[in-house]
Structure formats: structure tokens, C-alpha cells
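In: my questions are about this predicted structure, shown below with the sequence.
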Amino acid sequence: MRQDYAEIFRVFLDIDDERKEHGLVLEAMKNLDSKRRCWRLVGGVLVERNLVEVTNSLKENLELLEKTSANYTNVMRQKEKELMEFEIKHNLRPNSQHQDVKSQTKQGQPGVLA
């Protein structure tokens, strides 16, 4: 289950990076002349277009990436919930959390001298 969650999280991070890159490119292209020529790599082929066509395409891609990112966020939350329920059901905890719980119970109880 944790491996599934980790894989989903990696894909989410990749999508988020792509979304940020699209945003940076759109920001950089904002102040350029709309008739300016642009080249875009599409399927391994460099294609010449004008700025308006590339900007529209980037905006569409950005919207798709945002929707996909939102979907992956929902999937991650669901996986987290399933993982927590599984841990509670089977009384499992990661080592760090287990040690934190032990240290908290030791601090709350007085020591016994023998």
C-alpha cells in the first residue's frame, strides 16, 4: 500500500513540475509580440508556429495538467485514508511513530526504583 501511495505521489510531483514549467513559459511569453514565430517540439518534431497558437496550446495543456493534478490529489487523499485505516485495523505504525508513542507514555508515567 505504501508503495502504491509513493508511486502516486511521484506521478503527482511530476505533473506539478510540468504545471509549473508551463506557467513559467506562459509568463515569459506574455509580453512578446503575438505575430512572433515560435518553435515547439511536438512528438519529437520541431514545428514552427506563431506565438498565439503556442500560447493557446500551452493554456490548454496547463488546464489539463491542473485537472489531472486535482484528480491525483483526490486519489492521494483516498490512499492516505485507506493506509491509515489499514494501520489502525492491524495495529501497525511506522517505527518513528511507534517510538514517539513509547516516549510519550514513558514521560507520562513515574519511574519505578527497585
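Out: Noted; the coordinates are in hand. Residues are numbered from 1 along each chain as shown.
In: isn't F9 up against T73?
Out: No: with contacts counted by C-beta atoms under 8 Å, F9 stays clear of T73, the gap being 10.4 Å. Yep, even glycine has a C-beta here, placed from its N, CA and C like the rest.
In: which helices and strands sit right next to the biggest helix by length in the chain?
Out: Looking across the chain with DSSP state H, the single longest helix is helix 51-89. If contacts are counted by 3 or more C-beta pairs under 8 Å, 6 or more residues apart in numbering; DSSP states H and E, helix 51-89 sits against helix 2-29, strand 37-42.
In: so which of the ones you listed gets nearest E66?
Out: In terms of C-beta to C-beta, the element of the helices and strands packed on helix 51-89 nearest to E66 is helix 2-29, at 6.3 Å.
In: contacts for stretch 45-61 next, please.
Out: Stretch 45-61 is contacted from outside by 22, 25-26, 29, 32-41, using C-beta atoms under 8 Å, 6 or more residues apart in numbering.
In: picking up where we left off before, dump the helices and strands packed on helix 51-89 into JSON lines; add mean pLDDT as well.
Out: Listed next are the helices and strands packed on helix 51-89 as JSON lines, based on pLDDT from 0 to 100:
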{"stretch": "helix 2-29", "mean pLDDT": "95"}
{"stretch": "strand 37-42", "mean pLDDT": "89"}
